[in-house]
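Engineer: can't give you the sequence, but here's the structure:
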Ligand code: FES
């Protein structure tokens, strides 16, 4: 069983070990980390966190658009660690998750992958 270290930088750099085959949300909650969640299938964005280093597999998520992915967001209920990682969790990590769509409209390449186009690049 492969284990990786998760460091939560906005919680005094506390460290946890997670199983690479299990969702990070479940692994952290099982170790007492209080994290918000809703659907648990990658669709509602409630469990989003900011990945600041390392790599995850989150191919099952459908909540994030390319702009959010480019800003480092991960969906903890479906993401599995692929290396040691560092995360910012909680609503204070959401400073680049949401934006005012009237002030900062997305370019077409920043939309969700299945509808994004390259024409604005
Ligand atoms: S709990 Fe809904 S996307 Fe993770």
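Structural biologist: Looks like it came in fine. Predicted model only: the values in this text are computed from it and were never measured.
Engineer: any part of stretch 105-121 near the ligand?
Structural biologist: No - no part of stretch 105-121 sits near the ligand under the criterion Cβ under 6 Å from any ligand atom; the closest distance found is 13.7 Å. Placement of C-beta: from N, CA and C, glycine included.
Engineer: ugh, wrong one, stretch 15-30
Structural biologist: No - applying Cβ under 6 Å from any ligand atom, one finds stretch 15-30 separated from the ligand by no less than 6.7 Å.
Engineer: need phi/psi at the residue nearest the centre of the chain.
Structural biologist: Central residue of the chain (Cα atoms, centre = their mean): residue 74, 1.2 Å from the mean position. Here is the backbone geometry of residue 74 (degrees, to the nearest 10): phi -130, psi 150.
Engineer: now do the strands in the chain.
Structural biologist: For the chain, the strands defined by DSSP state E cover 3-8, 14-19, 48-53, 56-57, 73-75, 80-81, 85-88.
Engineer: any chance of those strands in TSV with mean pLDDT and distance to residue 111 as columns?
Structural biologist: As requested, the strands of the chain are exported to TSV (pLDDT from 0 to 100; distance: least, Cβ to Cβ, whole Å):
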stretch	mean pLDDT	distance to residue 111
strand 3-8	98	30
strand 14-19	98	31
strand 48-53	97	17
strand 56-57	98	21
strand 73-75	97	15
strand 80-81	98	25
strand 85-88	98	24
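Engineer: okay then, goodbye and thanks.
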